[in-house]
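Undergrad: fold the following and give me the result.
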Amino acid sequence: MSRIGKQPVSIPAGVEIAVKEDLINVKGTLGALALAQNALVKVESNNGALTFVPVNDSREANAMSGTMRQLVNNMVNGVSKGFEKKLTLLGVGYKAQAQGTKLNLTVGYSHPVVMDMPAGIKVETPTPTEILIKGSDRQRVGQIASEVRAVRPPEPYKGKGIRYADEKVVIKETKKK
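TA: The predicted structure follows:
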């Protein structure tokens, strides 16, 4: 059995989990999330923890038990603590402004780039060169951060562009005569 799939998911105070035949609903202080149930995994609730058991001994059921466990764990963490991604802008004149549900980026193009944020995702700009994306769904937060970074990814010669806060960009050496 999957090593991760063997570990139970503990349910913190303030989080409600409803396991149905086709859905797993998780509700907490930061919102509610739902996940479709997989036929290869049996979800059992006991003593404030969820366990994920493969239905049979197949390799797919074993792998899916670990996947389902981690997806539900991310949902529980998301509705209780939330997830965030931090992006930084490097470049002369590069700046970002959060205006409600819109993110206005000035990153060296002839026009500012305006991005709409979907429901459930909050965007903040603590400084003009930092972007903070917050939400309860880990996958959506990462996807939105990836889309913002794709507007102007870091280039390899000077390192200018939008990058994750913890990202290391390897700078190439320029051509010598």
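
Undergrad: now do the longest strand seen in the chain: distance to the chain's middle.
TA: The residue-count maximum for a strand in the chain (DSSP state E) belongs to strand 83-90. Strand 83-90 sits 12 Å away from the centroid of its parent chain (Cα atoms, centre = their mean, to the nearest Å).

Undergrad: contacts for the helix or strand that that strand is followed by?
TA: Beyond strand 83-90 in the direction of the C-terminus, DSSP states H and E gives the next helix or strand as strand 95-99. Residues outside strand 95-99 that contact it (Cβ atoms under 8 Å, 6 or more residues apart in numbering): 89, 103-106, 123-125, 128-131. For every residue, glycine as well, the C-beta is placed using N, CA and C.

Undergrad: now do 7 Å
TA: 89, 103-106, 123-125, 128-129, 131 (Cβ atoms under 7 Å, 6 or more residues apart in numbering).

Undergrad: same thing with stretch 116-133?
TA: 31, 84-89, 94-98, 101-103, 134-137, 140-141, 144-145, 148.

Undergrad: run the last query once more with 6 Å
TA: For stretch 116-133, contacts defined as Cβ atoms under 6 Å, 6 or more residues apart in numbering pick out 85-89, 95-98, 101-103, 134-135, 141, 144-145.

Undergrad: for stretch 28-39, same thing?
TA: 14-15, 22-26, 64, 68, 71, 75, 79-80, 82, 136.

Undergrad: okay, now the unreliable bits of this structure?
TA: Counting by pLDDT under 70, the ranges of the chain that qualify are 1-2.

Undergrad: how is it partitioned into domains?
TA: 3-80, 83-164 (automatic domain parsing).

Undergrad: now these as CSV including mean neighbour count?
TA: What follows is these, written out as CSV (neighbours: other Cβ atoms under 10 Å):
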stretch, mean neighbour count
domain 3-80, 16
domain 83-164, 16
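
Undergrad: does the nearest residue to Arg149 once chain neighbours are set aside count as helix, strand or coil?
TA: Of all residues not flanking Arg149 in the chain, Ile162 sits nearest, at 5.0 Å (Cβ to Cβ, 6 or more residues apart in numbering). Taking DSSP: H, G, I helix; E, B strand; the rest coil as the rule, one finds Ile162 in the strand state.

Undergrad: Ile162 bridge partners, please.
TA: Leu89 (DSSP bridges).

Undergrad: wait, it sits on Ala150?
TA: No. Taking contacts as Cβ atoms under 6 Å, Ile162 lies outside contact range of Ala150: 8.4 Å.

Undergrad: now for these two: what residues contact both?
TA: Contacts common to Ile162 and Ala150, judged by Cβ under 6 Å, 6+ apart, are absent.
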